[in-house]
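*Asks:* Quick one, fold the following:
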Amino acid sequence: MTNATARRAAVALAVSAVLGTALAPAATAATTPPPAAPLPSGLYGTADPAYDGVWRQSLALLAQDTVGVKPAAKAVDWLTGQQCADGAFSAYRADASAACDTKLPRDTNATAAAVQALTATGGAEQTVGKAVTWLKSVQNADGGWSYNPGGASDANSTAVVIGALAAAGEKPAAVVSAKGGKSPYDALLTFARPCTGPDAGAFVYQPQMPGAVGDSTAAAVVAAQGAGLAPKAGSAGSAAEGAGCDKAAKDLKGAAVNGGAYLAGALAKTGHLLTPPMPGAEDSAPKPDFGNTADAVVALAAQGRTEAAKKPLEWLKANGAGWAKASGPAAYAQLVFAANATGTDPADFGGTDLVAALNATGPAPVSASPSADTGKKDEKEEKNDDGGPNLWWIVGAFFAASAGAGFLLSGRRKPRA
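*Replies:* Numbering: from 1, shown residues only. Next up is the predicted model:
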């Protein structure tokens, strides 16, 4: 997700509203007031964690590990304490001492992100093992995963679980469904678009779900090679810089190259992706999509498309700091991932020290990278959490789904991320 993140959950919420399914709600907008109850001292971010607590914590810890920062023990302990007895994680458990009941929505994205973070930080093998076992138990017959168990597979959820399996030492290709014998890679290929139409070569969230494809494409391009949320440059394979959409591509490797070509083309003009217009909004003009742009930079760099990643990277350097400051730890983490994938110094990202800024959103880490000044939180600085200014799209997703209720009901969409 998502992400994702709010972007990963937004589509699930839209379908939930239309179909009446019991899916986890999407993250709230950045304007949501802080929760009335004091937040746990080990948690990163100050906004209400009800819909993204585990996700943002996982991304924060993973980003810190990526740059050589050893997180605070209580930050790691908070994350491990969020696990349910069955191995799953939900978006957030306010009272972790209470057992998870059957009404608590289990979240594959949160679980997969936690696996990646806890594998990176180390020392939580039992927690990771239980989480992986649970993820395998809710694999769909087509080999993929839905945002919440019981729904149809989507590209983003399948991608983040692939990253978790790989991080935990599993071979994703060997994790096949009990009914159908399909692997996650089999499922991922079903979301690839042919080389025709406006989304030629992209990966859609679900085959029946039209709309923005930047997020799902970026996730799928990286996951196609078994990589997770924080790949290094070239770690997801290599692709010719000028390679376009290959109509002859039939396997996932070729589809991933096509996905990279789609992202490169989508970013070539402005250097950033756009959110779709919100139906009924007075200002319906698309807005820059910071989070998906950061994810796209990661995907391009991981695929070896160095030149294609340069322009969006520079755009993020010039514009991303303000978005991350307003959005919180997960946004800072996404920028750290983009810096890591492109070999950019995260301590000087367009003049912003991303590491110090991320560290300041939560408990001071045990050790920080030499260039990062962890310091203390600025009590005067207001912080919001994962989502940022462009989270208005969540509402747009709801209305878009409502408008297309008949379409969705006739072709049940597979509920990222």
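*Asks:* counting contacts, what elements does the host helix or strand of L165 pack onto?
*Replies:* For L165, the host element (DSSP states H and E) is helix 155-167. Applying 3 or more C-beta pairs under 8 Å, 6 or more residues apart in numbering; DSSP states H and E, we find helix 155-167 packed against helix 6-19, helix 108-121, helix 125-137, helix 184-189, helix 214-223. (Each C-beta comes from the backbone N, C-alpha and C, glycine too.)
*Asks:* if I read this right, A294 contacts Q334, doesn't it?
*Replies:* Yes - contact criterion C-beta atoms under 8 Å: A294 and Q334 qualify, at 4.2 Å.
*Asks:* So for those two, which residue has more residues nearby?
*Replies:* Q334 (33 against 28; other C-beta atoms under 10 Å).
*Asks:* what mean pLDDT would you report for whichever strand or helix holds the more buried one?
*Replies:* According to DSSP H and E, Q334 maps onto helix 329-342. For helix 329-342, mean pLDDT is 98.
*Asks:* and the angle for that helix with helix 108-121?
*Replies:* For helix 329-342 against helix 108-121, the angle by axes from the mean of the first three to the mean of the last three C-alpha atoms, to 10 degrees is 60 degrees.
*Asks:* Which is the succeeding secondary structure element to helix 329-342?
*Replies:* If you walk from helix 329-342 toward the C-terminus, the next helix or strand you reach (DSSP H and E) is helix 354-359.
*Asks:* Quote the end-to-end distance of stretch 88-99.
*Replies:* 12 Å (C-alpha to C-alpha, to the nearest Å).
*Asks:* quick one: contacts of it?
*Replies:* 9, 24, 37, 49-55, 81-85, 100, 104-107, 110-111, 114, 131, 134 (C-beta atoms under 8 Å, 6 or more residues apart in numbering).
*Asks:* Now, of these, which are buried?
*Replies:* 9, 24, 49, 51-55, 82-84, 100, 105-107, 110-111, 114, 131, 134 (16 or more other C-beta atoms under 10 Å).
*Asks:* For the helix holding Q334, what is the distance to the chain centroid?
*Replies:* 11 Å (C-alpha atoms, centre = their mean, to the nearest Å).
*Asks:* Stretch 179-199 now?
*Replies:* 19 Å.
*Asks:* ditto for stretch 254-271
*Replies:* The answer for stretch 254-271 is 18 Å, by C-alpha atoms, centre = their mean.
*Asks:* and L267, how far is that from R305?
*Replies:* For L267, the distance to R305 equals 10 Å [C-beta to C-beta, to the nearest Å].
*Asks:* so where's the stretch 151-300 of the chain uncertain?
*Replies:* Within the stretch 151-300 of the chain, the stretches with pLDDT under 70 are 210, 235-242, 277-284.
*Asks:* Hmm, G68 and V366 touching each other?
*Replies:* No - using C-beta under 8 Å, V366 is not in contact with G68, being 11.6 Å away.
*Asks:* okay, the helices and strands packed on helix 155-167 in a markdown table with distance to D289 next?
*Replies:* Formatted as a markdown table, the helices and strands packed on helix 155-167 follow (distance: least, C-beta to C-beta, whole Å):
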| stretch | distance to D289 |
| --- | --- |
| helix 6-19 | 8 |
| helix 108-121 | 18 |
| helix 125-137 | 28 |
| helix 184-189 | 22 |
| helix 214-223 | 7 |
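*Asks:* Can you say which of those helices is packed in most?
*Replies:* Mean neighbour count (mean count of other C-beta atoms under 10 Å) peaks for helix 214-223 among the helices and strands packed on helix 155-167, with a mean of 32.
*Asks:* So which elements touch that helix?
*Replies:* Against helix 214-223 (3+ C-beta pairs under 8 Å, 6+ apart) you get helix 155-167, helix 184-189, helix 252-268, helix 290-302.
*Asks:* Out of those helices, the one nearest G226 is which?
*Replies:* The closest of those to G226 is helix 155-167. By C-beta to C-beta, the value is 4.4 Å.
*Asks:* orientation of the closest one relative to helix 125-137 in degrees?
*Replies:* 140 degrees.
*Asks:* what's the offset of helix 155-167 from the middle of its chain?
*Replies:* On C-alpha atoms, centre = their mean, the centre of helix 155-167 falls 10 Å from the chain's centre.
*Asks:* And for stretch 341-353?
*Replies:* The mean C-alpha position of stretch 341-353 is separated from the chain mean by 20 Å, C-alpha atoms, centre = their mean.
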